[in-house]
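J.: the following comprises the amino acid sequence and a computationally predicted model.
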Protein chains: 2
Amino acid sequence: MPQLRQDLITGRWVAVATERAKRPDSFTQAPRDAVAAKDICPFCPGNEKMTPPEVLAYREPGSAPNGPGWWLRVVPNLYAAFRLEPDGQTAHDGVFEQRDAIGACEVLISSPDHRATTPLLPRHQVEEIVQSYLDRYHAHQRNPALEYVLILYNHGRPAGASLEHPHSQLYAVGVVPPAFQEELAGAQRHLAQGSGCVFCRIITEERRAGARIIMENEAFLVFAPYAARTPFETWIIPKRHAASFGDLGGREKAPLAEALQRTLKAFRTGLNDPPFNYFIHSAPLKARVDDAYHWHLEIIPKLSIAAGFEMGAGMWINVVKPEDAASFLRQQITVEDRAAV
Amino acid sequence: MPQLRQDLITGRWVAVATERAKRPDSFTQAPRDAVAAKDICPFCPGNEKMTPPEVLAYREPGSAPNGPGWWLRVVPNLYAAFRLEPDGQTAHDGVFEQRDAIGACEVLISSPDHRATTPLLPRHQVEEIVQSYLDRYHAHQRNPALEYVLILYNHGRPAGASLEHPHSQLYAVGVVPPAFQEELAGAQRHLAQGSGCVFCRIITEERRAGARIIMENEAFLVFAPYAARTPFETWIIPKRHAASFGDLGGREKAPLAEALQRTLKAFRTGLNDPPFNYFIHSAPLKARVDDAYHWHLEIIPKLSIAAGFEMGAGMWINVVKPEDAASFLRQQITVEDRAAV
């Protein structure tokens, strides 16, 4: 019998259709559409003038801004869907309403290496990526025009990557995004009911059950959510309760880089470099939600298609059991551990 | 300045990013991935034994069930994500909850012709498709185990079609789908505020403004919604207020078939046969929402990718203004009208 599983946080139901179930290795066969290569990559060293001026760069002492010498560089997105303007306008259009799309869109270039995706970088460079997320989060955190900072990564053409050179994106926006709001509302409901932080409760439950854990280090738990929406959906969550990614502690940076890189390496080797999106859900910039919310990073592989049912119902059908997905990825990490000894 | 537009029904905001704007004809260039052809099509006449036994067929008098002689055939989905069982079970799994996925999944085969998509069929056959939707809607409507009937169509591989032979799908399910629930909640809010049916209000506004209308006939309005989520999103809505598709009147069938076929033909000729999903949003089977809700059909072309921003924020960025999309599709229909004279 097919199963509906309820996400404890939001209350949303996901259909886990074991009747359509696929074995994890059936996902490795699909050809991976390459991102269209450009003649000249605007993110490669030497081409810095092709982007807007950098807003942050980690670079060799003495090297000039907007020239080579950097090992991580952040620039405004040339195709920004949101813009920072001093006064956002609201207007009526018949019975409808529109607003200026206030915000900032930035591109965080992972490294100077055009080919080095996160699994292929030296670990210290992944820590630099984490540091750049934190620095840019802090840069926008106190802007009164902004409500939310969303940091994300698109890998592969089917996941929306339009440039090959690995890069993350940051959207600092003047609205509270509905997908986050839905999670926060659920977490606040749990807190009001006296059951504390629902994310902490999930961490406890996942460690007790074990079946959905992918890996764990001193500061982070990596697991497949009970009501995963897509095959191999994976969450990375700090074990210490903290509402905002902006409060990431000095000792949490290296473990986060480790958890992220090892998980993405397990995807790459185990699932034939699948397309995926990841994003960080963190407390909104203004509301006080310290007790209710718990920041985390969600990785959503793009191995199935959201079709008419998903669009029309707003419900997901997942053809891989989260326990099977976790077991498969856990094994990839174990193999890697053995190889490293 | 990029713009946020608010959907009047749900309150959700969509970013219309004119800075990234593309001309409508830029969408015609992409190659269309074909659905994988099978050696033997289970939906073609002569292969009726490859599907579960039919639950409905319009067929020649005297022809035997589950053999040739039909012009429209409905069968249970062999890969059902929902099943009708006499007693649905709920179970706890640690702190989590799961339920049996109660429901029925059916496939409505458009015609015996393996190649004839909706734009290529004779009009009377499109009317038969509409009739089959209505017949199967009524068949599930009074089942006390069910809460909702969702009828949908996936066209093209990027939109999730897995078999080439044109077919619609029906999901009769024991849950109220969240995407519909969000719309209903918004509509009920509008009703409670004393502004009547928000859909009727939108029809009036669209006919006043004109810029987003694609076509209109005696019973239906076809338009691009003000806060369209994707390029060329199109709605077909009955001008007569009615909450349930199940109440489609005898005189509304032919106009619905006309509106659907002409719109899909405009997509096919104007946009190079793009992938799309469509679905019917109708009142739930049990709740009384006659005054608040207004059924309609939503067509969502798959010409852009939902990437990390859409997933993480639950917000859409639309790179084509709805007014431009409507103008482009309206022109396709005008050209077709002239050709028909």
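T.: Nice, thanks for sending it over.
J.: would you mind measuring from the residue with the largest distance to the centre of chain A to A:E48?
T.: The outermost residue of chain A, judged against the average C-alpha position, is A:G94 (37.7 Å), by CA atoms, centre = their mean. Remark: distance between A:G94 and A:E48 (CB to CB, to the nearest Å) = 45 Å. The C-beta positions use only the backbone N, C-alpha and C, and glycine is treated the same way.
J.: same check, this time on A:L170
T.: 19 Å.
J.: more crowded one of those two?
T.: A:L170 (26 against 22; other CB atoms under 10 Å in any protein chain shown).
J.: hang on, that one in a strand?
T.: Yes: the assignment for A:L170 (DSSP: H, G, I helix; E, B strand; the rest coil) places it in a strand.
J.: now stretch A:329-341: buried residues?
T.: For stretch A:329-341, the neighbour count (16 or more other CB atoms under 10 Å in any protein chain shown) marks A:L329, A:R330, A:Q332, A:I333 as buried.
J.: what does the stretch 201-341 of chain A have sitting close to chain B?
T.: Neighbours of chain B within the stretch 201-341 of chain A, by CB under 8 Å from any CB of the partner chain: A:201-202, A:205, A:208-209, A:226-227, A:277-281, A:298, A:300, A:305-309, A:311-315, A:317.
J.: centre-most residue in chain A?
T.: Closest-to-mean residue, chain A, CA atoms, centre = their mean: A:F279 / 2.0 Å.
J.: can you tell me the closest non-neighbouring residue to that one?
T.: B:G312 (3.1 Å; CB to CB, 6 or more residues apart in numbering or on different chains).
J.: now do A:S162
T.: Using CB to CB, 6+ apart, the nearest residue to A:S162 is A:V35, at 6.9 Å.
J.: how many neighbours does that neighbour have?
T.: 19.
J.: from chain B, how far out is it?
T.: Between A:V35 and chain B the computed distance is 12 Å (CB to the nearest CB, to the nearest Å).
J.: contact partners for that residue?
T.: Contact analysis of A:V35 by CB atoms under 8 Å, 6 or more residues apart in numbering or on different chains lists A:G156, A:R157, A:A161, A:S162, A:L163, A:E164.
J.: ramachandran angles for the fifth one?
T.: Backbone dihedrals for A:L163, given as degrees, to the nearest 10, come out at phi -120, psi 140.
J.: strands of the stretch 51-200 of chain A, residue ranges please.
T.: For the stretch 51-200 of chain A, applying DSSP state E, counting those that start in this stretch gives strands covering A:56-59, A:70-76, A:90-93, A:96-100, A:103-109, A:148-155, A:167-173.
J.: adjacent strands (with direction) for the fifth one?
T.: The pairing partners recorded for strand A:103-109 under DSSP bridges are strand A:70-76 (antiparallel), strand A:167-173 (antiparallel).
J.: make CSV out of those strands and add mean pLDDT.
T.: CSV is the format used below for those (pLDDT from 0 to 100):
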stretch, mean pLDDT
strand A:70-76, 98
strand A:167-173, 97
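J.: highest average neighbour count across those strands?
T.: strand A:167-173 (a mean of 25; mean count of other CB atoms under 10 Å in any protein chain shown).
J.: and stretch A:276-287, how far out from the chain's middle?
T.: Relative to its parent chain, stretch A:276-287 has a centroid offset of 8 Å by CA atoms, centre = their mean, to the nearest Å.
J.: just stretch A:276-295 next, same as before
T.: How far stretch A:276-295 lies from its chain's middle: 12 Å, per CA atoms, centre = their mean.
J.: just the endpoints, please. Distance across that stretch?
T.: Start-to-end span of stretch A:276-295 (CA to CA, to the nearest Å) is 20 Å.
J.: next, the buried residues of that stretch.
T.: So for stretch A:276-295, counting by 16+ other CB under 10 Å, buried means A:276-285, A:289, A:292-295.
J.: just stretch A:60-70 next, same as before
T.: So, applying 16+ other CB under 10 Å, buried residues of stretch A:60-70: A:G69, A:W70.
J.: which stretches of the stretch 151-300 of chain A have low pLDDT?
T.: Scanning the stretch 151-300 of chain A for pLDDT under 70 picks out no residues.
J.: helices of that one, start to end?
T.: Remark: helices assigned in the stretch 151-300 of chain A by DSSP state H, counting those that start in this stretch are A:178-192, A:198-209, A:253-270.
J.: tell me which of the ones you listed is the most buried.
T.: With a mean of 21, the top stretch among the helices of the stretch 151-300 of chain A by mean neighbour count (mean count of other CB under 10 Å) is helix A:253-270.
J.: and the pLDDT for A:D337?
T.: The model reports A:D337 with a pLDDT of 80.
J.: the nearest residue to A:A313 once chain neighbours are set aside - how many residues pack around it?
T.: Setting aside the residues directly before and after it, A:A313 is nearest to B:P177 in space (CB to CB, 6+ apart), at 3.5 Å. Around B:P177 there are 23 other residues, counting by other CB under 10 Å.
J.: many thanks, I have nothing further to ask.
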